[in-house]
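Novice: I would like to see how this sequence folds:
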Amino acid sequence: MSERRYSGRAASPGIALGELVVVAGRPAPAERRGAAERPLDAAALHAAIAAARAELEALAGRARGDGADILGFQIALLDDPALAEPALAEIARGRPADEAWSAALRAEAEGYEASADEHFRARAADLLDVQDRVLGHLTGDRGAGDVPPGAVVAAADLAPSRFLAIDWSRGGALALTGGSAASHVAMLARSRGVPALVGLDAPLGELGPRRAALLDASRGLLVVEPGPAERERYERERTRLAGERAAAEVHAARPAATRDGTPVRVLLNVSDPGELEHLDPAVCDGVGLVRTELLFHGGALPGEEEQLAAYRRVVEWARGRPVTLRTLDAGGDKPIPGLTPEGESNPFLGVRGIRLSLARPDVFRVQLRALARAAVLGDVKVMLPMVGSPRELARARALLDEEVASLAAAGVAARRPPLGMMVEVPAAAIAADLFDAEFYSIGSNDLTQYVAAAGRDVDALAELADPAQPAVLRLVRRVAEVGAARGVEVSLCGDAGGDPQVVPLLLAAGIRALSVAPPLVGRVKQSIAGVDLRELGGSPWGPAWPI
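Specialist: Residues are numbered from 1 along each chain as shown. Predicted coordinates for the structure are as follows:
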């Protein structure tokens, strides 16, 4: 076969060369087994759900970060009795269990797919993933065979749990004819460094197995049976990327400072304590963001002791370095069944973050107690997400003080930690001086999309959802100025802090602390080292300032 080229949209950067493996889509239930062989009773469905849940639990035990979060969400779906109720009703009317289950989950997924919000449309993949896993146990069809390490996997779409079951440790790439850069599988690919394309203009039947394929995300290109010129280009690009990684690793071991000697603190964003297991704390200045919502995706709400155990792992890993624990940031693109409201017309502008915590003080107080107990273990700070008014900060502070006093009265070791806030709502950035927070952390992801009125993961609006645009940078500068005037620290913990092209602009805006994903530490320090603040005319707002 001669070389063939197909175009797609980059969902995760990088380049890979490997064996092309096509993963087929889902067949209809009737194709899986003859009608006479299909299970008819509810007991078969209950058994299949239990088996699927056990598989997901096993996968979740090996997963980390966002992968564990997604699997936890799927487990919560299966734990919800309401999910199976429509299928059980159909089974009671004589419909085969596989047909009833498939129809019920398809209807549920269509509700997500009809949402105007891309994040909720992406959630449909979780429902269909759960559908297929249970169907596999009902029908005996356990899906495609094993994918060899290093393969370039092509599919119409790929379920998150299927992605997590593939061994990516020896390379590989992902090419989807469907999908979205906002989908869970695209997010997983980025977090694991797997090059990925979505929206590929290639019929899967045309690709065929047992062929070599080169995927180059930077060019949005999949090349099947690449010729000598493409293979040579691949070797050059692979060598270049390896050199960049090596240089970044050298910087990771050094304190971060600009070329003119201005120190900059580089901290870590952590979703799961397991992400820190093989990482030396000496590469960072502490943990600037611990996303505690991962603990709330396992079906039952976590208790005080379970939360404290998770926080303890991070604090002990930090070895005296500061650790900022964010209270539950659920809602928007992070719904939690049984906790976040359902049916909101626009969840991103709904009951989420601190709004949800204040609406559910029974849940919030448990977390505050665990946080106050964790504060005696090290340099712990607590941060509130989505704060939009000074009243919210005051109410949260009062609840924290009450729980600290309650613990003291009971003789339980606890400490009142510093209480700060995320600055991700434009109202908080504009009027930052009205919030008596003990520190500020700018969440550039939400701040950018709210300022630009453009979802950050909507491909068609990528130019608008740009953290380097003047409106966002002016708000960053505003918060930095307020922090300096009040004598409190201002950091930035959004994706912008990990972008080498944006880092110089953030430093120019007065930011001196960045919190980034662990794999980005070296690259960010390297970017910082290339900035000379003297070239800005002696002031962050000097002649080189872009706005």
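
Novice: for the stretch 401-547 of the chain, just list every one of the strands.
Specialist: 419-423, 440-442, 490-492, 513-516 (DSSP state E, counting those that start in this stretch).

Novice: so which of those is nearest residue 255?
Specialist: Evaluated with CB to CB, the strands of the stretch 401-547 of the chain place strand 513-516 nearest to residue 255, the distance being 12.9 Å. Heads up, the C-betas are built off the backbone N, CA and C, glycines and all.

Novice: re earlier: who wins for proximity to residue 226 among the strands of the stretch 401-547 of the chain?
Specialist: Nearest of the strands of the stretch 401-547 of the chain (CB to CB): strand 513-516, 34.0 Å.

Novice: which residues are in contact with that closest one?
Specialist: Residues from elsewhere that reach strand 513-516, judged by CB atoms under 8 Å, 6 or more residues apart in numbering: 264-269, 285, 287-289, 324, 441, 489-493, 497-498, 503, 506, 524, 528.

Novice: same deal with stretch 268-283?
Specialist: 64-66, 68-69, 252-253, 284, 286-291, 294, 310, 313-314, 317-319, 321, 493, 515-518, 521-522.

Novice: list only buried entries from these.
Specialist: Among the contacts of stretch 268-283, those buried by neighbour count (16 or more other CB atoms under 10 Å) are 64-66, 68-69, 252, 284, 286-291, 294, 310, 314, 317-318, 321, 493, 515-518, 521-522.

Novice: grab the nearest non-local neighbour of residue 101.
Specialist: Nearest residue to residue 101 in three dimensions, chain neighbours excluded: residue 87, at 4.5 Å (CB to CB, 6 or more residues apart in numbering).

Novice: before we move on, what SS does that neighbour have?
Specialist: Recorded secondary structure, residue 87: helix (DSSP: H, G, I helix; E, B strand; the rest coil).

Novice: check contacts around it.
Specialist: 45, 97, 100, 101, 103, 104, 105.

Novice: who are the packing partners of the helix or strand hosting the fifth one?
Specialist: Translated: residue 103. Following DSSP states H and E, one finds residue 103 within helix 97-113. Where contact means 3 or more CB pairs under 8 Å, 6 or more residues apart in numbering; DSSP states H and E, helix 97-113 is packed against helix 29-32, helix 42-62, helix 81-92, helix 118-139.

Novice: just the C-alphas of the second one, formatted as CSV.
Specialist: Listed next in CSV are the C-alpha coordinates belonging to helix 42-62 (Å, rounded to 0.1, in the frame of the first residue of the first chain):
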residue,chain,number,x,y,z
ALA,A,42,-33.5,-9.1,35.9
ALA,A,43,-31.1,-11.2,37.9
ALA,A,44,-28.8,-11.4,34.8
LEU,A,45,-28.8,-7.7,34.5
HIS,A,46,-28.0,-7.2,38.2
ALA,A,47,-25.1,-9.8,37.9
ALA,A,48,-23.7,-8.0,34.8
ILE,A,49,-23.8,-4.6,36.6
ALA,A,50,-22.0,-6.1,39.6
ALA,A,51,-19.3,-7.7,37.4
ALA,A,52,-18.9,-4.4,35.4
ARG,A,53,-18.5,-2.5,38.7
ALA,A,54,-15.9,-4.9,39.9
GLU,A,55,-13.9,-4.4,36.7
LEU,A,56,-14.1,-0.6,37.1
GLU,A,57,-13.0,-0.9,40.7
ALA,A,58,-9.9,-2.9,39.7
LEU,A,59,-9.1,-0.4,37.0
ALA,A,60,-9.6,2.5,39.4
GLY,A,61,-7.1,0.9,41.8
ARG,A,62,-4.4,1.2,39.2
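
Novice: need the strands of the stretch 401-547 of the chain in TSV with distance to residue 403 and mean pLDDT, can you?
Specialist: Output for those, formatted as TSV (distance: least, CB to CB, whole Å; pLDDT from 0 to 100):
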stretch	distance to residue 403	mean pLDDT
strand 419-423	12	98
strand 440-442	22	98
strand 490-492	25	97
strand 513-516	26	95
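
Novice: ranking these by burial, who's on top?
Specialist: strand 440-442 (a mean of 29; mean count of other CB atoms under 10 Å).

Novice: can you give me how far that strand is from the chain middle?
Specialist: The chain centre lies 19 Å from the centre of strand 440-442; the measure is CA atoms, centre = their mean, to the nearest Å.

Novice: re earlier: give me the pLDDT for the residue nearest to residue 101.
Specialist: With respect to pLDDT, residue 87 scores 81.

Novice: now swap in residue 178 and tell me
Specialist: Looking at residue 178, its pLDDT stands at 81.

Novice: so what's it up against?
Specialist: 156, 157, 198, 199.

Novice: ditto for residue 366
Specialist: 301, 303, 304, 307.

Novice: lowest average confidence, helix or strand, in the protein?
Specialist: Using mean pLDDT, DSSP states H and E, helix 29-32 stands out as the lowest-scoring helix or strand of the chain, at a mean of 44.

Novice: for the strands of the stretch 401-547 of the chain, give me a markdown table that also has distance to residue 449.
Specialist: Putting those into a markdown table (distance: least, CB to CB, whole Å) gives the following:
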| stretch | distance to residue 449 |
| --- | --- |
| strand 419-423 | 14 |
| strand 440-442 | 13 |
| strand 490-492 | 15 |
| strand 513-516 | 19 |
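
Novice: for residue 348, which of those is the nearest?
Specialist: Per CB to CB, nearest to residue 348 of these: strand 419-423, 14.5 Å.

Novice: could you point out the longest helix in this structure?
Specialist: When the chain is parsed with DSSP state H, its longest helix is helix 228-252.

Novice: just checking, next helix/strand downstream of it?
Specialist: strand 265-270.

Novice: on contacts alone, who are the packing partners of the helix or strand following that following strand?
Specialist: Downstream of strand 265-270, the next assigned helix or strand under DSSP H and E is strand 287-291. Judged by 3+ CB pairs under 8 Å, 6+ apart, strand 287-291 is in contact with strand 265-270, helix 304-318, strand 323-326, strand 513-516.

Novice: quick one: contacts of the second one?
Specialist: Counting contacts by CB under 8 Å, 6+ apart, the residues outside helix 304-318 that touch it are 270, 273, 276, 281, 286-287, 290, 292, 295, 302, 323, 325, 366-367, 369-371, 373-374, 377-380.

Novice: rerun at 7 Å
Specialist: Contact with helix 304-318 is made by 270, 273, 276, 281, 286-287, 290, 295, 323, 325, 366-367, 369-371, 373-374, 377-378, 380, as judged by CB atoms under 7 Å, 6 or more residues apart in numbering.

Novice: give the buried subset of the residues you listed as a ChimeraX selection command.
Specialist: Of those, the buried ones can be selected in ChimeraX as follows, counting by 16+ other CB under 10 Å:
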select :270,273,276,286,287,290,295,323,325,366,367,369,370,371,373,374,377,378,380
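
Novice: now the contacts of residue 87 as TSV including neighbour count, distance to residue 9 and pLDDT?
Specialist: Formatted as TSV, the contacts of residue 87 follow (neighbours: other CB atoms under 10 Å; distance: CB to CB, whole Å; pLDDT from 0 to 100):
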residue	neighbour count	distance to residue 9	pLDDT
45	23	38	81
97	27	39	78
100	26	37	80
101	28	33	81
103	16	32	78
104	22	32	79
105	24	28	81
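
Novice: what is the nearest of those residues to residue 129?
Specialist: Set against residue 129, the nearest of the contacts of residue 87 by CB to CB is residue 105 (9.8 Å).

Novice: contacting residues for the closest residue to that closest one other than its chain neighbours?
Specialist: What sits nearest to residue 105 in space, not counting adjacent residues and going by CB to CB, 6+ apart, is residue 131, at 3.7 Å. Residues in contact with residue 131 (CB under 7 Å, 6+ apart) are 101, 102, 105.

Novice: would you mind splitting the chain into its domains for me?
Specialist: Residue ranges for the domains of the chain, per automatic domain parsing: 25-139, 251-536.
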